[in-house]
Structure formats: C-alpha cells, structure tokens
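Engineer: Sequence first, predicted model second:
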Amino acid sequence: MTEAVRRGLYIFIAALAVIIGDVVYEQFFLGGDAGGPAVGGAFSLIDQDGATRTDADLKGKVTVIYFGYTYCPDACPTTLQAISQTLDLLGDKASKVQPVFISVDPARDTPAQLKTYAANFHPGIVYLTGSEPAIKQTELLYQVYAAKVPQQGTDDYLMDHSSVLYVMGRDGRYMGQIRAGLPPKVMAATLQQYL
C-alpha cells in the first residue's frame, strides 16, 4: 500500500467516524431531531374504556400528555382541571388538541378507575393505563420520574412524579413542555403557538 493510498484511507476513516458520531449523537442524545431532547416514542396502553391505544392513534392532532395518578390528592386533579379550562378557552381550536393522562400508578388505576375519575374533567381527555412494564417503558420514553412514597403506619402510598405537560406535534414528535400549575389562560396562549 502506497503512502498516498494509506493517507487517503486514514482521511476516509476519520470522515466516516465523524459522520457516524454525528448520527449517534443526534439519535441518542437529541432524539433524532437536532434541536430537542429524546422525548416520546412507540407505546401501547389501555384507555378508560378498555381499548388498546398506541402513540400512532394520537397522530394528526397536537397532543398534550400529562403523567399522574387518580389517587393524587392535589397536583393531578388541579392540572386536569386546568387542562379542562384550557380546552374551553381554546373554543373551536380545542378540536385540534388531544389531551392525554397517563397513569404512573397502574396497580390502582385500572380502566374502570380511570373511567370513574374521567367523569370529573373535560370529556375530550383520554386516560391511559397498562401493565407495570408498559407504564415503566412509557415513563422512560418521556423521561418521567415516578416513585412510590409509602405512608407511615399504613399500607397506603402516594406517588412522587414529574409534573409537566409534554406537547407532541401532529406527527408525534416532541415539540416542547408546558409547566404544570400555569393559569389556563397562559396554557391556552402557549398551546396556540403549537396549533
């Protein structure tokens, strides 16, 4: 092998390493989109009516996903009430938004429990649960933190969990987050930017 060929081969290998490095960085650290974190992905869960729902079912609308649980004493019902009011404020544009509540407590949040809970909030919200492995996998996809917090002296527990709203585009790709706790007017104005 001549020196020129050897040098050409080294340059080719170095260029290939840079290209592969960029692709790996983009796929694993930026979620395949050189502009945002790796959030979202394929899941298969069960809704409040017992039907299987996947991430593909949510495409076509801007999806707002909130992770919580029905036994939550404060943050979850407050957030779902804010989402309900936000949909009311959006008026006709609310039909372009699909809010989704995903349980972080599948042991207690059965489809029947979700259906009872859903009666307290806007009818357009979809509620999802599933097996513990399916929920854990979905939490990983959305980078959600969730952990049981035992209550002293009882068998009861609360769930400590992330409290943000994930905004996914019509194509299912991550677009951004909305902090839970914002007034419905602010949430509505923020969502309008994604519609």
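Structural biologist: Thanks, I have it.

Engineer: How many residues are close by the residue nearest to Leu165 when sequence neighbours are not counted?
Structural biologist: What sits nearest to Leu165 in space, not counting adjacent residues and going by Cβ to Cβ, 6 or more residues apart in numbering, is Ile178, at 4.2 Å. Every residue, glycine included, has its C-beta placed from N, CA and C. Ile178 has 20 neighbouring residues, counting by other Cβ atoms under 10 Å.

Engineer: next one: Asp92
Structural biologist: 6.

Engineer: Make sure I have this right: it is in a helix.
Structural biologist: Yes: the secondary structure assignment for Asp92 places it in a helix, going by DSSP: H, G, I helix; E, B strand; the rest coil.

Engineer: With Leu195 as the reference, measure out to it.
Structural biologist: Look at Asp92 and Leu195: by Cβ to Cβ, to the nearest Å, they are 11 Å apart.

Engineer: one step back: and the residue nearest to Leu165, helix, strand or coil?
Structural biologist: What three-state DSSP gives for Ile178 is strand.

Engineer: Quick check: it vs Asp47, distance?
Structural biologist: For Ile178, the distance to Asp47 equals 22 Å [Cβ to Cβ].

Engineer: for Tyr157, same thing?
Structural biologist: Here the distance between Tyr157 and Asp47 works out to 24 Å (Cβ to Cβ).

Engineer: Ok, Pro133 next?
Structural biologist: Pro133 sits 18 Å away from Asp47, taking Cβ to Cβ as the criterion.

Engineer: now swap in Ile102 and tell me
Structural biologist: Between Ile102 and Asp47 the distance is 10 Å, computed by Cβ to Cβ.

Engineer: Having no further points to raise, I will conclude here.
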